[in-house]
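Engineer: would you be able to build a 3D model of this:
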Amino acid sequence: MTYVVTDACIACKYTDCVEVCPVDCFYEGENMLVINPSECIDCGVCEPECPAEAIIPDTESGVEQWIELNAKYSAEWPNLTTKKDAPDNADEMKDVQNKLETHFSPEPGEGD
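Structural biologist: So this is what the prediction gives:
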């Protein structure tokens, strides 16, 4: 089992999860984070840390697209191991629906 990041992270990009990850399996895009599914050790400490509730286990239904997205972009984006400030509008973007279609950027973030 692994954990994955969903579109709830897009445009929020809280990094509380990164700070608690014991294996540094988070990767940073321009406006979201992803988890490398092959590096995640299924400890689950990141899930309750996410204010946007964007992290879910791969056992939930409908998670296939998120496993694929996380695997693809964790291979392309830089690793992030330290907490950063969330975007100024993160709290207002937290409850926006369907952000994959409307706000997702495939561009990499800065990483560490």
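Engineer: tell me where the protein has helices.
Structural biologist: Listed in chain order, the helices of the chain (DSSP state H) span 16-20, 64-74, 90-93, 99-102.
Engineer: how about the first one as CSV, C-alpha atoms only?
Structural biologist: What follows is helix 16-20 as a C-alpha-only set of coordinates in CSV (Å, rounded to 0.1, in the frame of the first residue of the first chain):
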residue,chain,number,x,y,z
ASP,A,16,3.1,20.1,6.5
CYS,A,17,3.2,16.6,5.2
VAL,A,18,6.7,16.9,3.9
GLU,A,19,8.0,17.8,7.3
VAL,A,20,6.8,14.5,8.9
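Engineer: check which residues of that helix are buried.
Structural biologist: Neighbour-count burial for helix 16-20 flags 17-18 (criterion: 16 or more other C-beta atoms under 10 Å). Yep, even glycine has a C-beta here, placed from its N, CA and C like the rest.
Engineer: got it, and the third one?
Structural biologist: Of the residues in helix 90-93, those scored as buried under the neighbour-count criterion (16+ other C-beta under 10 Å) are 90, 93.
Engineer: do the same with the last one
Structural biologist: Applying a neighbour-count criterion of 16+ other C-beta under 10 Å, the buried positions in helix 99-102 are Lys99.
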